[in-house]
Every structure is written in structure tokens, then in C-alpha cells.
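K.L.:
with the sequence up front, the predicted model follows.
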Amino acid sequence: MTNYYYTKNPDVQHEEKNWEFNLLGHEFRFVTDNGVFSKNTVDYGSRVLLDALQDDQISGKILDVGCGYGPIGLALAKNNPNAQLTLVDVNELAMELCAKNAANNGIENVTIYESSCYDNVSETDFDLIVTNPPIRAGKQVVHTILAEAYDHLNQGGRLVAVLQKKQGAASAQKKMTEVFGNCEVIKRDKGYFILESIKED
Ligand SMILES: C[S@@+](CC[C@H](N)C(=O)[O-])C[C@H]1O[C@@H](n2cnc3c(N)ncnc32)[C@H](O)[C@@H]1O
């Protein structure tokens, strides 16, 4: 098994890669490495999630859980300069790359730190939580990320998650409905489902 992207300290031969990618109309330079998810290009699911949020102007607090090298959270930070982003991941190599990517792209409205699920996240007043969850870490981790989002959102805040139909979208939708009492599919593209739940007042 060569893909350790969901572990705390991936034991890999380092091979940094630098590449450019346009997200939400902004040109990014990313550095990635072996041992992080989707190191060669931005994951299609992450792009579909960002497309679903492209027209929203968000000025509050946003959390990206399982941020990897940062494409979702950093694109939202760039596109919503008045928002305050928090990016967390269990993979320390991903955290280092994410911090470099924030600096290299001149993004300052972000806080980046290590956390497994919400273990180190004490704030409970996010307006938006986004996640492309770690399917390979197992259903329990994925469902913890989805379910515990509720406790970290403001009233009226929302959770937006991307899942593939063939990798648990239906069970994720069921879990989100159980916890939030609602869950809508707000976008579908090539088997990727964007699920949204709102913490209702
Ligand atoms: C599908 S990848 C998405 C990465 C990134 N958001 C992107 O769009 O490329 C899922 C991420 O979740 C992270 N992860 C795995 N287990 C985790 C956990 N228990 N808590 C937080 N993040 C975790 C992985 O390290 C990986 O970076």
C-alpha cells in the first residue's frame, strides 16, 4: 500500500511537485508531495464542491476539515477575503504543505493546524464547514466529521460535503439527515454529490 495520505506522519520518499491551477477564477501555485491526497492535480470532487459555492459571498467563519495541501480552504479564503478560514487535517505533512501554499499565494485570512476530526477544534461558531472527507480512513471517521460538524456550527450555519455516489454518498446523506434533520443534494457532477445540511434555528 503506497498511499498513506490519511495518517498522521506519512512515511514516504519526499518528491515535492509545483504546479498551477485555477480555482474560483484565481490562479494558484501549489506545492504537493508524496503522501498527500491528490498530489498531481486538484481532486475533481473538490472542484465540484467549490463550484457549488462559487456564487456565495461569505464574510463569517469557515472550517475545512481534512484540508490536505489546502485547495478547498485556500480557494475559499481567496474568494472570500472578509471570511476567516480555519483548515485542519490529521496529516502533518499536508499541514506543512498547506501552510506553504497559503504563504506562496499571499493568503493571510487562514489559520492552519493539526486535528483529527474536531479533536483540537474548540470553536463552535462556524458559519460554514466544508469537507471532502477521507473515505480511505473508514466510515467511522467520515461519519464523525459529518455528525460532529453540528456542534461546531452557529445556528443557521451549514455543512457542505462532497461524496461520490459509489463511495458512500447515500449513507452520508442518511447520517446528515439524522443529525441535522435536513440534507439536500445541491449539485451533482460525474457521480460526485454535494450534500448540504443546515443547522436550523
Ligand atoms: C479526500 S482528502 C481531501 C483533501 C483536500 N481537502 C483536497 O481537496 O485535496 C481527505 C483528507 O482528510 C484527511 N484526514 C484523514 N483522516 C482524518 C481525520 N481523522 N481527521 C482530519 N482529517 C483527516 C486526509 O489526510 C486527507 O488530507
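P.N.:
Thanks, I have the structure now. Residues are numbered from 1 along each chain as shown.
K.L.:
run through the bridge partners of the residue nearest the centre of the chain.
P.N.:
Central residue of the chain (Cα atoms, centre = their mean): T131, 3.4 Å from the mean position. Beta-bridge partners for T131, by DSSP bridges, are V65, A161.
K.L.:
show me the contact partners of the helix or strand where I145 lies.
P.N.:
Per DSSP states H and E: I145 is located in helix 139-148. Outside helix 139-148, the residues within contact range by Cβ atoms under 8 Å, 6 or more residues apart in numbering are 6, 65-66, 117-118, 131, 133-135, 159, 161, 168, 171-172, 175-176, 178-179. Just so you know, the C-beta spots here come from the backbone N, C-alpha and C atoms, and that holds for glycine as well.
K.L.:
what's the model's confidence in it, averaged?
P.N.:
Here helix 139-148 scores 98 as its mean pLDDT.
K.L.:
ok, stretch 191-200 next?
P.N.:
Here the average pLDDT along stretch 191-200 is 98.
K.L.:
returning to what we had before: how about the helix holding I145 as CSV, C-alpha atoms only?
P.N.:
Output of helix 139-148 as CSV, limited to C-alpha atoms (Å, rounded to 0.1, in the frame of the first residue of the first chain):
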residue,chain,number,x,y,z
LYS,A,139,-16.8,5.2,7.5
GLN,A,140,-16.5,5.9,11.2
VAL,A,141,-14.1,8.8,10.6
VAL,A,142,-16.2,10.1,7.7
HIS,A,143,-19.4,10.0,9.8
THR,A,144,-17.7,11.6,12.8
ILE,A,145,-16.6,14.5,10.6
LEU,A,146,-20.2,14.9,9.3
ALA,A,147,-22.0,14.4,12.5
GLU,A,148,-19.8,16.5,14.8
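K.L.:
now W19, what's its secondary structure?
P.N.:
Three-state call for W19 (DSSP: H, G, I helix; E, B strand; the rest coil): strand.
K.L.:
in contact with it, which residues?
P.N.:
Applying Cβ under 8 Å, 6+ apart, we find W19 in contact with R29, F30, T32, N40, T41.
K.L.:
ok, what's across the strand from it?
P.N.:
Counting by DSSP bridges, W19 is bridged to F30.
K.L.:
how far away is it from the ligand?
P.N.:
Plainly put, W19 is 13 Å away from the ligand if you go by Cβ to the nearest ligand atom, to the nearest Å.
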